[in-house]
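**Q** quick one: sequence plus predicted model below, questions after.
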Amino acid sequence: MRHVPVSPRAYGLPGPGYGPRPDGRSGPSGGTGERSCAAMTGPTAQASPRTWAERARRNAARAVRRPGWERDDLTMHAKAVLAAVAAWSIASWLLPVSVTTFAPFTSLLSVHGTVYRSLWQSLRYMGAVAVGVVLAAGFGSTAGIHAWSLAVLLIAALAVARLRPLGAQRLQVPVTALFAFSAGGGQLDYSLQLVAAILIGVGCGLATAVLWAPRLRHGSADEAVRSLGGEVCGLLSDIADDLRETTPDETRAQEWVDRAGRIDRLAWRARASVEDGEEAARLNPRRLVRGGHLRLPAHHAAVNVLERVGHQTQSIARGLRYAAHSDHYQALARDFLTGYAELLTDVAVAARELPVSEDADGDGEALRDRVGRARRCHDRLAARSRRTHLDAPGEWPLYGALLTDAARILDDLGTHRPAGTGAARA
């Protein structure tokens, strides 16, 4: 398992896409972190035109050279423009000018980073529009066009908008009701024309999303999980190298604690990248042509194991930092620290054998062999520590804690089983 760079998508950085995730979660979605104009502050917003142009040129060049978030971002903009122009052209040909604008507007709301999310949000949007149109037509035909009837309409629309099934599209209920009521007077003919424009926009948006489906993002998920594994294994190896040569001081131990604390964030980003890869495969016609996994259970399992290993590594670093305050710390048995360094080296090697994808070679035999070797090293070190006369009475609690943390890491690695690929394919 080697450390490889991860694209901004795996870290939840801004990428292509419009609107929230279907499940309402925040953070990266379909490999497309959502951003608004309000978020464009700081160095990016304050950059000079020349700097902005240079950054745009570099991103465009990377988009042409290789797949990545730059190409996805450029593709997303092109899809949005194509859908909007197609929707406006069709609506201008079929519908009155008073409702033409709603078609391209709706198409922009229907184009998302994945086919699944485009369909899901379009269904929610159409549901919200239908409710708004019904409310406007009902109030317009019964109460008439008055200020008080508009107020009652908006109160009712805002109340209905609280329905959970509408999700992030709930605001479209009062918006649609307001347009249908004020611009169309609540008349049925205008409401039907408005619905037709919205259907044209949704149709163009979905057609663009399906015909120009995004690439399958299993590679990004692989990179994110391997990057997480590289960080965990690298930290274990660094601790082992230092323990082999010297007794680290509190400052060095604190550096390890800080590095281990970043593993949680890497695990979150890796998990989000895996979920993005799964979402990108749903309803994606490319998967039907090229094949691919619909679910990524091996990725999820690897992230969970590496996250727990990271927690235990942080516990090891904290134990060493705490021991630095001890009066007996400098008297720690050199043979124990040297042996413990060898144990952590074996643990790091075992962690590198962790299968991180459904397409990983082998059946986990290499991982089991490495874990078995590390267990034997652990048992030898524990037995020697119990037999050997300790130089200071405060040493054994630290030895026991360090050995326990290493044993828990081996338990996590030893109980890991590569996920089968049969259930992962649709």
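**A** Yep, that arrived. This structure is a prediction, so every number in the text was calculated from the model and none was measured.
**Q** tell me which residues in stretch 369-386 are buried?
**A** 370-371, 374-375, 377-378, 381-382, 385 (16 or more other CB atoms under 10 Å). The C-beta positions use only the backbone N, C-alpha and C, and glycine is treated the same way.
**Q** can you flag which of those residues belong to strands?
**A** Judged by DSSP state E, strands contain none of these.
**Q** would you map the strands across this structure?
**A** Using DSSP E, strands in the chain do not occur.
**Q** for it, give me the ranges with low pLDDT.
**A** 1-47, 53-71, 186, 217-218, 289-294, 326-334, 357-364, 387-396, 417-426 (pLDDT under 70).
**Q** the domain parsing of it - what is it?
**A** Using automatic domain parsing, the domains assigned to the chain come out as 8-55+69-74, 76-211, 218-414.
**Q** re earlier: tell me which of the buried residues of stretch 369-386 fall in helices.
**A** Those of the buried residues of stretch 369-386 mapping onto helices are 370-371, 374-375, 377-378, 381-382, 385, per DSSP state H.
**Q** ok now do R408, which residues does it touch?
**A** By CB atoms under 8 Å, 6 or more residues apart in numbering, the residues touching R408 are Q312.
**Q** now do it against P355, distance only.
**A** 20 Å (CB to CB, to the nearest Å).
**Q** show me what contacts P174?
**A** 132, 154, 157-158, 161.
**Q** distance of it relative to W120?
**A** With CB to CB as the criterion, P174 and W120 are 21 Å apart.
**Q** repeat that for L266.
**A** Applying CB to CB to L266 and W120 gives a distance of 29 Å.
**Q** of these two, which one has the most company?
**A** More crowded of L266 and W120, by other CB atoms under 10 Å: L266, with 24 against 21.
**Q** leaving out sequence neighbours, find the closest residue to that one.
**A** Nearest residue to L266, sequence neighbours excluded (CB to CB, 6 or more residues apart in numbering): L228, at 4.8 Å.
**Q** which residues does that neighbour contact?
**A** Counting by CB under 8 Å, 6+ apart, L228 has contacts 263, 266-267, 270, 303, 306-307.
**Q** E307 now?
**A** Neighbouring residues of E307 by CB under 8 Å, 6+ apart: 228, 263-264, 267.
**Q** again, only using 7 Å
**A** Counting by CB atoms under 7 Å, 6 or more residues apart in numbering, E307 touches 263, 267.
**Q** now swap in the one 4 residues further on and tell me
**A** For H311, no residue meets the contact criterion (CB under 7 Å, 6+ apart).
**Q** against F179, how distant is it?
**A** Distance of H311 to F179, computed by CB to CB: 52 Å.
**Q** repeat for E279
**A** Distance from E279 to F179, by CB to CB: 32 Å.
**Q** what about those two, which has more around it?
**A** Shown here are E279 and F179; by other CB under 10 Å, E279 has more neighbours (26 against 19).
**Q** hmm, T114 and the more buried one touching each other?
**A** Yes - the criterion here is CB atoms under 7 Å, and E279 meets it with T114 at 5.2 Å.
**Q** list the buried residues in the longest helix along the chain.
**A** Ordering each helix of the chain by length in residues (DSSP H) puts helix 250-281 first. Using 16+ other CB under 10 Å as the test for burial, helix 250-281 gives 252-257, 259-260, 263, 266-281.
**Q** now do the helices in the stretch 201-350 of the chain.
**A** In the stretch 201-350 of the chain, the helices defined using DSSP state H, counting those that start in this stretch lie at 218-245, 250-281, 285-290, 297-323, 334-352.
**Q** packing partners of the last one?
**A** I take that to be helix 334-352. Packed against helix 334-352 by the contact rule (3 or more CB pairs under 7 Å, 6 or more residues apart in numbering; DSSP states H and E) you find helix 218-245, helix 365-387, helix 395-414.
**Q** try 8 Å
**A** Other helices and strands packing on helix 334-352, by 3 or more CB pairs under 8 Å, 6 or more residues apart in numbering; DSSP states H and E, are helix 218-245, helix 297-323, helix 365-387, helix 395-414.
**Q** reformat the ones in helices among the buried residues of stretch 369-386 as TSV; add distance to L343.
**A** Shown next, in TSV, are those (distance: CB to CB, whole Å):
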residue	distance to L343
R370	12
V371	12
A374	7
R375	10
C377	5
H378	6
L381	6
A382	10
S385	11
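**Q** which of those residues sit farthest apart?
**A** Of all pairs drawn from those, the greatest distance, 22.6 Å, lies between R370 and S385 (CB to CB).
**Q** nearest to A143 among the helices of the stretch 201-350 of the chain would be which one?
**A** Closest of those to A143 is helix 250-281, at 43.8 Å (criterion: CB to CB).
**Q** what helices or strands is the closest one leaning on?
**A** The contact analysis (3+ CB pairs under 8 Å, 6+ apart) places helix 250-281 against helix 115-142, helix 218-245, helix 297-323.
**Q** what's the angle from the last one to helix 250-281?
**A** So the one you mean is helix 297-323. If you take axes from the mean of the first three to the mean of the last three CA atoms, to 10 degrees, helix 297-323 sits at 170 degrees to helix 250-281.
**Q** cool, the second one as well?
**A** Going by the same axes, to 10 degrees, helix 218-245 is angled at 160 degrees with respect to helix 250-281.
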